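K.L.:
What follows is a predicted structure for the sequence shown.
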Amino acid sequence: MPRRRTFRSDALIPARWAASEPTPLDPRAVQLASASGADAHTAWVGPASHWAGAACHAAHPMQRAAALADYAVQLAGRPDLIIAARAELTGHDLACPCAADVPCHRDVLLDVADPLAGPTRAGHGLAITLARPWASLVLLPEALSPTVVHTRSWCTDYRGALCVIGARRLDSEAVAAAAVAGFDARWHVRQSGWLGVGVLVDVHRATRTCCRHRGGLRPPRRAGGYHWVWAHGARLARPVGGHGFLGLHPVTWSVLIQPEAAPRAVDV
């Protein structure tokens, strides 16, 4: 008989992600000190603009990620602003004081103003598929759960905002943990599709004693796998339909927008 292969968990390679390189024709993020430096091909979306976002003022990367999550979800719920973005910003580079390689609300606006035909093939956002009800639970507001910790078999060195889509798979242990914590487990189980944006703040090897100091929802105490620690969930008012995938996946921020929210103009 062939010898059975075994895999050591400490040999796992962390999942990494990098933004796809834009072509010379793609609108892109630009760093400018003020609106006066913008040319005809560049739109100012920084402070004092009606497109301004709190991420520009964030002092810590996790504060920036939280501001980005809030901005993306709030914009997704404003069909009027989505239509305005596609009228004013389409085809323009977008500028603010932040460095061009730093996550910023410009990324959200770039994807909303110029939505791709295949929103899960590329984009300025990053997403993950989570089993139900974890997909919904990681988006709990901080007032209800300062952090949410769940266990996965793989790790990543990425930290920051992640768009979350609920999978078909159901995690029965998570249902029990949510019920014990006093949450409506049945409601969270029903949540599927694109649900919102969470902030991944830490990933570490799981032990029976780790995460004791953390408040909020936690998995059963057991060794093995990796603890993913989430904070500052931003939930959509209504889930958006979509299909899950494996690993971390680049997406456009427009996956959070209801298809009927901002129909594109039709040429006649």
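P.N.:
Happy to help now that I have it. Numbers count the residues shown, from 1 in each chain.

K.L.:
When you work out contacts or count neighbours from here on, use the C-alpha atoms and nothing else.
P.N.:
Noted.

K.L.:
which residues touch the closest residue to Ala237 other than its chain neighbours?
P.N.:
Leaving out its chain neighbours, the residue that sits closest to Ala237 by CA to CA, 6 or more residues apart in numbering is Gly77, at 7.3 Å. Contact partners of Gly77, counting by CA atoms under 8 Å, 6 or more residues apart in numbering, are 236-237, 257.

K.L.:
quick one: low-confidence parts of the stretch 51-200 of the chain?
P.N.:
Along the stretch 51-200 of the chain, the parts satisfying pLDDT under 70 run over 116-121.

K.L.:
coming back round to it: and the contacts of Gly77, which of them are buried?
P.N.:
Neighbour counting with 16 or more other CA atoms under 10 Å marks 236, 257 as buried within these.

K.L.:
Identify all contacting residues around the helix ranked longest in the chain.
P.N.:
With secondary structure taken from DSSP state H, the chain has its longest helix at helix 61-76. For helix 61-76, contacts defined as CA under 8 Å, 6+ apart pick out 53-58, 81-82, 103-105, 108, 160-162, 196-199, 201, 232-236, 253-254, 256-258.

K.L.:
now swap in stretch 193-201 and tell me
P.N.:
62, 65-66, 69-70, 72-73, 135-136, 138-139, 158-167, 228-236, 238-243, 255-256.

K.L.:
rerun that using 6 Å as the cut-off
P.N.:
For stretch 193-201, the external contacting residues (CA atoms under 6 Å, 6 or more residues apart in numbering) are 69, 139, 159-166, 229-236, 239-242.

K.L.:
just how off-centre is that stretch within its chain?
P.N.:
With CA atoms, centre = their mean, to the nearest Å as the basis, stretch 193-201 stands 5 Å off its chain's centre.

K.L.:
Would you mark the buried spots in that stretch?
P.N.:
Quick answer for stretch 193-201 (16+ other CA under 10 Å): 193-201.

K.L.:
Over to stretch 167-175?
P.N.:
167-168, 174-175.

K.L.:
quick check, nearest of those residues to Leu25?
P.N.:
Nearest to Leu25 among the buried residues of stretch 167-175, counting by CA to CA, is Ala167 at 35.1 Å.

K.L.:
how near is the closest one to Ala234?
P.N.:
Between Ala167 and Ala234 the distance is 18 Å, computed by CA to CA, to the nearest Å.

K.L.:
just to revisit the earlier point, which ChimeraX command selects the buried ones in the contacts of stretch 193-201?
P.N.:
Burial among the contacts of stretch 193-201 is assessed by 16+ other CA under 10 Å; the matching ChimeraX selection reads:
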select :69,139,159,160,161,162,163,164,165,166,229,230,231,232,233,234,235,236,239,240,241
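
K.L.:
Distance to Gln31 for the buried residues of stretch 167-175 - can I get that in CSV?
P.N.:
Converted to CSV, the buried residues of stretch 167-175 look like this (distance: CA to CA, whole Å):
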residue, distance to Gln31
Ala167, 37
Arg168, 41
Ala174, 43
Val175, 45
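
K.L.:
Sitting in strands, which of those residues do you find?
P.N.:
167-168 (DSSP state E).

K.L.:
Can you tell me which of the buried residues of stretch 167-175 is nearest Leu89?
P.N.:
Once CA to CA is applied, the member of those that ends up nearest Leu89 is Ala167, at 33.3 Å.

K.L.:
ok, the closest one - contacts?
P.N.:
Counting by CA under 6 Å, 6+ apart, Ala167 makes contact with 129-131, 244.

K.L.:
if you set the cut-off to 7 Å instead, what comes out?
P.N.:
129-132, 192, 244 (CA atoms under 7 Å, 6 or more residues apart in numbering).

K.L.:
Check the secondary structure at the closest residue to it other than its chain neighbours for me.
P.N.:
In space, and not counting its chain neighbours, Ala167 is closest to Ala131: 4.9 Å by CA to CA, 6+ apart. On the three-state scheme (DSSP: H, G, I helix; E, B strand; the rest coil), Ala131 is labelled strand.

K.L.:
Let me know the distance separating Ala131 from Phe245.
P.N.:
11 Å.

K.L.:
same check, this time on Arg218
P.N.:
Remark: distance between Arg218 and Phe245 (CA to CA) = 24 Å.
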